[in-house]
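Asks: Whatever this is, show me its structure:
(2 chains)
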Amino acid sequence: MVPLSWYLILSAVLFCLGVFGFLLKRNIITIFMSIELMLNAVNLSFVAFANYWNTHLDKLPSGAQMVPLSGHVFVFFVMVVAAAEAAVGLAIIISVFRTRETLNVDRVNLLKL
Amino acid sequence: MVHQVLFIVFGLICVAGAINLLLQRHPINSALSLVVVMASLALIYLLLGAEFVAAIQVIVYAGAIMVLFVFVIMLLNAGEEERTRGSRVALILGVPGVIILAATVGWLLVTGSGQLGSVTIASSDFGETHAIARLLFKDFLLPFEITSVLILIAIMGAVVLGKRES
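Replies: Numbers count the residues shown, from 1 in each chain, chains lettered A, B, ... in the order given. The predicted structure is shown next:
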């Protein structure tokens, strides 16, 4: 028996580390990896809640309906979107590197005021 | 008891990998620590009884997506990260904002954990592939088909973006 809040705290810690990486890292590939870390953190809370509702269906408010396994299906969709995003994002990184010869986001500042 | 010990071990490996991702200056080291995070997350999914999700976590995330990352790092010959000043807005607004968010969420979860209840290792029929497949191909059939279109568009976008201009 592990309290659900432990899983949610782990998920929040991973998400915040992902946001820190997104804000503080300067390499565009590492920034992209931080986004993947955030997606993983959200997946963890989806799976934890799916398991939680599987055994606590009696706690649902009356009239509400819930299929606990749909949490796993949402994780599946998040992974599909993450895979598509990784393919397109890395292609964008390659074309940015071709035109600007750098991976540092501070040197890709044409649109900056 | 076993559940708690396993959760703490894999959770600590997970957080250590994520911190290592931030501290490493070379992107290939960051990518390998992200693989560690994803593998230990797959084990945590197994603790939660999500066998199918754990399998696709290893196959899709730790396998396919991270291979793509490592491939791009090696293709672009990415070296050590340069130290530049970075965005001032991110430092002034972003970092304190994340700290406040983390503190609020942590405080809410610690004080409210009594109402939330706990998670057990699920019975063997929860999270089985055929139950997920039945849900996916009956209730979620339309979103599933739409994601296949999304993947097709992503493939075409990647091909167009990666093509050399002649």
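
Asks: In chain A, where's the longest helix?
Replies: Secondary structure of chain A per DSSP state H: the longest helix is helix A:70-100.

Asks: what packs against that helix?
Replies: Applying 3 or more Cβ pairs under 8 Å, 6 or more residues apart in numbering or on different chains; DSSP states H and E, one finds that helix A:70-100 contacts helix A:28-55, helix B:51-56, helix B:66-75, helix B:129-138, helix B:141-162. Every residue, glycine included, has its C-beta placed from N, CA and C.

Asks: which parts of that helix are buried?
Replies: A:70-77, A:79-80, A:82-93, A:95-97 (16 or more other Cβ atoms under 10 Å in any protein chain shown).

Asks: Rounded mean pLDDT for stretch A:100-111, please.
Replies: For stretch A:100-111, the mean pLDDT works out to 85.

Asks: what do you get for stretch B:87-95?
Replies: 82.

Asks: Can you list the low-confidence ranges for chain A?
Replies: Of all residues in chain A, none has pLDDT under 70.

Asks: give me every residue that touches the closest residue in space to residue B:18 that isn't next to it in sequence.
Replies: Counting by Cβ to Cβ, 6 or more residues apart in numbering or on different chains, residue B:18 lies nearest to residue A:17, which is 4.3 Å off, once chain neighbours are set aside. By Cβ atoms under 8 Å, 6 or more residues apart in numbering or on different chains, residue A:17 lies in contact with A:37, B:15, B:18, B:19, B:21, B:22.

Asks: JSON lines for the residues you listed, including secondary structure and neighbour count?
Replies: JSON lines is the format used below for those (DSSP: H, G, I helix; E, B strand; the rest coil; neighbours: other Cβ atoms under 10 Å in any protein chain shown):
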{"residue": "A:37", "secondary structure": "helix", "neighbour count": "27"}
{"residue": "B:15", "secondary structure": "helix", "neighbour count": "16"}
{"residue": "B:18", "secondary structure": "helix", "neighbour count": "26"}
{"residue": "B:19", "secondary structure": "helix", "neighbour count": "16"}
{"residue": "B:21", "secondary structure": "helix", "neighbour count": "27"}
{"residue": "B:22", "secondary structure": "helix", "neighbour count": "17"}
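
Asks: Show me the residue at the heart of the chain, geometrically.
Replies: This is for chain A. Nearest residue to the geometric centre of chain A (Cα atoms, centre = their mean): residue A:39, 0.9 Å.

Asks: think we crossed wires, I meant chain B
Replies: Central residue of chain B (Cα atoms, centre = their mean): residue B:38, at 6.1 Å.

Asks: I'm done for today, thanks for sticking with me.
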